[in-house]
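>>> Mind folding the following:
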Amino acid sequence: MPIDIETFESSSGDRLQHSGETNADRVMRFLAANPDKAFTQSEIRDATDVKAGSISVVLSRLEDRGLVRHKGNYWALGEADDVAAYIGLLESTRAANDRFGEEDVDEWLEHAVDDEDTE
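Sure, this is the predicted structure:
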């Protein structure tokens, strides 16, 4: 997604690296939209634009959390209650961002407590 040049010029490199949506979020959103199907890693990668070097790790971590299932070369949405909770959190976050705007990391950092100040 493109950004305006003012945002580009005024934001730190760290701020511009984070899109707000993780690779895991993209994979879960895709699988949740297709709960009656199973996909290969390459199909999930192509549908979500997750980099080839990252998709295996993302899927393995999601499987460890019970959010996806894996058989042979295929991956599908998990069956656990955790999936519903994860999707609910994702949708709630998206709705809050739509209504109130995304969090501004630089603004949070301005007000963050420095560990040295608390000692």
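
>>> C-terminal to the least confident helix or strand in the chain by mean pLDDT, what's the next element?
Across the helices and strands of the chain, mean pLDDT, DSSP states H and E gives its lowest value to helix 13-17, namely a mean of 62. Per DSSP states H and E, helix 13-17 leads on to helix 23-33 as the next helix or strand towards the C-terminus.

>>> Against which helices or strands is whichever helix or strand comes after that next one packed?
Following helix 23-33 in sequence order, the next helix or strand is helix 41-48 (DSSP H and E). Helix 41-48 is packed against helix 23-33, helix 52-64, with contacts defined by 3 or more CB pairs under 8 Å, 6 or more residues apart in numbering; DSSP states H and E. Every C-beta, even on glycine, is put in place using the N, C-alpha and C of the backbone.

>>> which stretch in those helices has the least confidence?
Of all these, mean pLDDT reaches its minimum on helix 23-33 (a mean of 91).

>>> and that one, which residues are buried?
Judged by neighbour count using 16 or more other CB atoms under 10 Å, the buried positions of helix 23-33 are 23-32.

>>> for those residues, which one is nearest residue 65?
residue 24 (9.0 Å; CB to CB).

>>> who's in contact with the closest one?
Neighbouring residues of residue 24 by CB atoms under 8 Å, 6 or more residues apart in numbering: 58, 61-62.

>>> ok, 6 Å please
58, 62 (CB atoms under 6 Å, 6 or more residues apart in numbering).

>>> Any stretches of this structure with poor pLDDT?
Low-confidence segments of the chain, defined by pLDDT under 70: 1, 12-20, 80, 105, 115-119.

>>> Residue nearest the middle of it, spatially speaking?
Note on the chain: the residue nearest the mean C-alpha position is residue 22, at 2.3 Å, using CA atoms, centre = their mean.

>>> if I look at that residue, how far off is residue 57?
12 Å (CB to CB, to the nearest Å).

>>> now residue 78
17 Å.

>>> higher neighbour count, the two?
residue 78 (21 against 12; other CB atoms under 10 Å).
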